[in-house]
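Peer 1: Sequence and computational prediction follow.
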There are 2 protein chains.
Amino acid sequence: MQARVEAALERALPAAGHLPARLHEAMRYAVLGGGKRVRPLLVFAAGEATAADAARLDIAACAVELIHAYSLVHDDLPCMDDDVLRRGKPTVHVEYDEATALLVGDALQSAAFELLAGTPAARDAATQLEMVRTLALAAGSRGMAGGQAIDLASVGRALTLPELELMHIHKTGALIRAAVRLGALAGEPLAPERFERLDRYAKCVGLAFQVVDDVLDAEASTATLGKTAGKDAAQGKPTYVSTLGRERAKALAGELRREAHAALEGLGAAAGRLAGLADFIVLRKF
Amino acid sequence: MQARVEAALERALPAAGHLPARLHEAMRYAVLGGGKRVRPLLVFAAGEATAADAARLDIAACAVELIHAYSLVHDDLPCMDDDVLRRGKPTVHVEYDEATALLVGDALQSAAFELLAGTPAARDAATQLEMVRTLALAAGSRGMAGGQAIDLASVGRALTLPELELMHIHKTGALIRAAVRLGALAGEPLAPERFERLDRYAKCVGLAFQVVDDVLDAEASTATLGKTAGKDAAQGKPTYVSTLGRERAKALAGELRREAHAALEGLGAAAGRLAGLADFIVLRKF
């Protein structure tokens, strides 16, 4: 499945030789050849639950991943996390330069919406518009970008658990929820109760993803992570580990995994892939 | 008309008190209370040519202006033009900080697509999707962001006139063309030949806008411009004035104005506002 996503992303991006060549080369550098592709996997798994066409899911999966990739490029910039390593490679502003990294992020965001609005991705145009709106809302100031702003404001402060949760519901959770929604919207219409179950699953998985990330950041080495380890602690950023301690953070991840499974009850065999992804996200070791 | 645009932008942006408050306050700072609103005016003028509903045009006009506003915030950042003054006020990274300015730009881009996909803006969903695609294409690596990349690569070089034109067709022209297209798409279907005429008009006006900007940048003072004057020359950026000389640049602006008027021939009285805007853009003195 990751290979399918990689091929779809490769097709979705402008060719490296297309002018302006340096920008397009840097966009491809930022997106291709790395990453766990968790959000695209969630799009495909949710699409399975609504019997969505695979070609439509390629579009939704790529759009979500382009937004995610843009956020990483901007997040690594000197004025943000100032990081030099991502997916085992130099970050975009290190490999190219800061101005190019800024434009790469900007252009990847546009590319996500161009793709999602310009290629058949749902059963009708109204549903596809709803997909665009969902993605934009998740990316913007009341979603991911808003989470980054809360993150900035929290550096050097000890957050309470609800405050930490609010930050991550925006910063990571919004786009993960959007991935599940987009996958579901790409298929057959879903009863509101079932759609709501998928959404509850996505909320749990989004939080679990962040909790596990924090545990891995505290435990793993830079080599196995492919990004700078121990960064959060060094920058005085509150994490689930600094707020709860390592053992309680691990217990929370397990609890969120169980809640995610519970949310899928009654959705039948079609939700099997979503259940497997919840396990993958919580049990991953890299 | 500017007051109408201002009110629509005010409604389109999240309230300043909405969390995260500092980000939303900074987004409003970046967008409201200034600017000539040339792109929204073009949306409304093109919409008049297709008898478009004013409420729909508000949406399209705001979406285009939010993209423009985001580009200014990022363009002013230290790693780009490093400017401290915009519309007579401190730039966003000076008034707030660099990380906030980065997020403001990112979130304004998302807000543009959220608005354009989430509010009725065309006669049917398929046309509205086409509007989203048009705006995303104009903003991205083969439009505005691509033009910025060409601009970066051109600093300190003498460009030929075709090279300079290529840069501006992307950097300013793409979004101006999108403004005219979106205005037209918001209304009644247009015969391809008439749509093509509007597009030719938009190309001429887009280039004329940049030529006049370059002349004003060379002639005006910082106080009358509301942004740092003489900046292009100081940064070694090629302009129409540095490439052609001031007189030939002025003559070119006049010629583009005539071409813009010629493109409107046959569109009748409904194109009157577009003709007036071509005059405004070329003859403006601030």
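Peer 2: It's in.
Peer 1: ok, which stretches of the stretch 1-150 of chain A are strands?
Peer 2: Listed in chain order, the strands of the stretch 1-150 of chain A (DSSP state E, counting those that start in this stretch) span A:85-86, A:89-90.
Peer 1: right, so of the ones you listed, which gets closest to A:Glu130?
Peer 2: strand A:85-86 (32.0 Å; Cβ to Cβ). Every C-beta, even on glycine, is put in place using the N, C-alpha and C of the backbone.
Peer 1: Just checking: what are the partner strands of that closest one?
Peer 2: strand A:89-90 (antiparallel) (DSSP bridges).
Peer 1: could the strands of the stretch 1-150 of chain A go into TSV alongside mean pLDDT and mean neighbour count?
Peer 2: Shown next, in TSV, are the strands of the stretch 1-150 of chain A (pLDDT from 0 to 100; neighbours: other Cβ atoms under 10 Å in any protein chain shown):
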stretch	mean pLDDT	mean neighbour count
strand A:85-86	94	20
strand A:89-90	96	15
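Peer 1: what about stretch A:175-185 and chain B, any contact?
Peer 2: No - judged by Cβ under 8 Å from any Cβ of the partner chain, stretch A:175-185 makes no contact with chain B; its nearest approach is 11.1 Å.
Peer 1: And chain B, is stretch A:117-132 touching that?
Peer 2: Yes - using Cβ under 8 Å from any Cβ, stretch A:117-132 reaches chain B at A:Ala117, A:Gly118, A:Asp124, A:Ala125, A:Ala126, A:Gln128, A:Leu129, A:Glu130, A:Val132.
Peer 1: Just the pLDDT at the residue nearest to the fifth one when sequence neighbours are not counted, thanks.
Peer 2: It refers to A:Ala126. Closest residue to A:Ala126 apart from its sequence neighbours, by Cβ to Cβ, 6 or more residues apart in numbering or on different chains: B:Ala125 at 4.1 Å. What the model reports as pLDDT for B:Ala125 is 98.
Peer 1: And A:Ala158, by the same measure?
Peer 2: 85.
Peer 1: picking up where we left off before, compare the strands of the stretch 1-150 of chain A and give me the one nearest B:Arg28.
Peer 2: Here strand A:85-86 is closest among the strands of the stretch 1-150 of chain A (Cβ to Cβ), at 32.3 Å.
Peer 1: Kindly report the residues of the stretch 101-250 of chain A close to chain B.
Peer 2: By Cβ under 8 Å from any Cβ, the residues of the stretch 101-250 of chain A that approach chain B are A:102-103, A:105-107, A:109-111, A:113-114, A:117-118, A:124-126, A:128-130, A:132-133, A:135-137, A:139-143, A:145-146, A:148-150, A:152-153.
Peer 1: Just list the residues touching the nearest residue to A:Pro90 once chain neighbours are set aside, thanks.
Peer 2: In this structure, A:Pro90 finds its nearest non-sequential neighbour in A:Val84, 6.2 Å apart by Cβ to Cβ, 6+ apart. Contacts of A:Val84 were listed using Cβ atoms under 8 Å, 6 or more residues apart in numbering or on different chains, and they are A:Asp76, A:Pro90, A:Thr91, A:Val94, A:Thr228.
Peer 1: Contacts only, for the first one.
Peer 2: In other words, A:Asp76. A:Asp76 touches A:Asp82, A:Asp83, A:Val84, A:Arg86, A:Thr91, A:Val92, A:His93, A:Ala101, counting by Cβ under 8 Å, 6+ apart.
Peer 1: can you tell me which two in these are farthest apart?
Peer 2: So, the contacts of A:Asp76 by Cβ to Cβ: farthest apart are A:Asp82 and A:Val92, at 13.0 Å.
Peer 1: on that earlier part again, filter the residues of stretch A:117-132 next to chain B down to the buried ones, ChimeraX style.
Peer 2: In ChimeraX syntax, the buried subset of the residues of stretch A:117-132 next to chain B is picked out as below (16 or more other Cβ atoms under 10 Å in any protein chain shown):
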select /A:117,118,125,128,129,130,132
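Peer 1: tell me the average confidence for the helix or strand containing A:Ala275?
Peer 2: Using DSSP states H and E, A:Ala275 sits in helix A:272-283. With pLDDT averaged residue by residue, helix A:272-283 scores 95.
Peer 1: got the buried residues for it?
Peer 2: Applying 16+ other Cβ under 10 Å to helix A:272-283 flags A:Arg273, A:Leu274, A:Ala275, A:Leu277, A:Ala278, A:Ile281, A:Val282 as buried.
Peer 1: Name the nearest of those relative to B:Ala16.
Peer 2: A:Ile281 (36.2 Å).
Peer 1: With adjacent residues omitted, what lies nearest to A:Ala218?
Peer 2: What sits nearest to A:Ala218 in space, not counting adjacent residues and going by Cβ to Cβ, 6+ apart, is A:Val241, at 4.5 Å.
Peer 1: State the next helix or strand along the chain beyond the helix or strand where the one you found lies.
Peer 2: Per DSSP H and E, A:Val241 falls inside helix A:240-244. Next in sequence after helix A:240-244, counting helices and strands by DSSP H and E, comes helix A:246-264.
Peer 1: by how many degrees do that next one and helix A:272-283 diverge?
Peer 2: 180 degrees (axes from the mean of the first three to the mean of the last three Cα atoms, to 10 degrees).
Peer 1: Which residues belonging to helix A:246-264 are considered buried?
Peer 2: A:Ala249, A:Lys250, A:Leu252, A:Ala253, A:Leu256, A:Arg257, A:Glu259, A:Ala260, A:His261, A:Ala263, A:Leu264.
Peer 1: ok, the second one - contacts?
Peer 2: Okay, so that is A:Lys250. So A:Lys250 contacts A:Val215 (Cβ under 8 Å, 6+ apart).
Peer 1: what's the distance between it and chain B?
Peer 2: Noted for A:Lys250: a distance of 29 Å to chain B, by Cβ to the nearest Cβ, to the nearest Å.
Peer 1: do the same with the fifth one
Peer 2: A:Leu256 is 24 Å from chain B, where distance means Cβ to the nearest Cβ.
Peer 1: my guess is that residue meets A:Ala208, correct?
Peer 2: Yes - if you go by Cβ atoms under 8 Å, A:Leu256 and A:Ala208 touch, sitting 3.8 Å apart.
Peer 1: if I look at the two, which residues touch both of them?
Peer 2: With Cβ under 8 Å, 6+ apart, A:Leu256 and A:Ala208 have common neighbours A:Val282.
Peer 1: From the rest of the structure, what touches stretch A:6-18?
Peer 2: Contacts of stretch A:6-18 (Cβ under 8 Å, 6+ apart): A:24-25, A:27-28, A:31-33, A:37, A:58-59, A:61-62, A:65-66, A:111, A:115, B:141-142.
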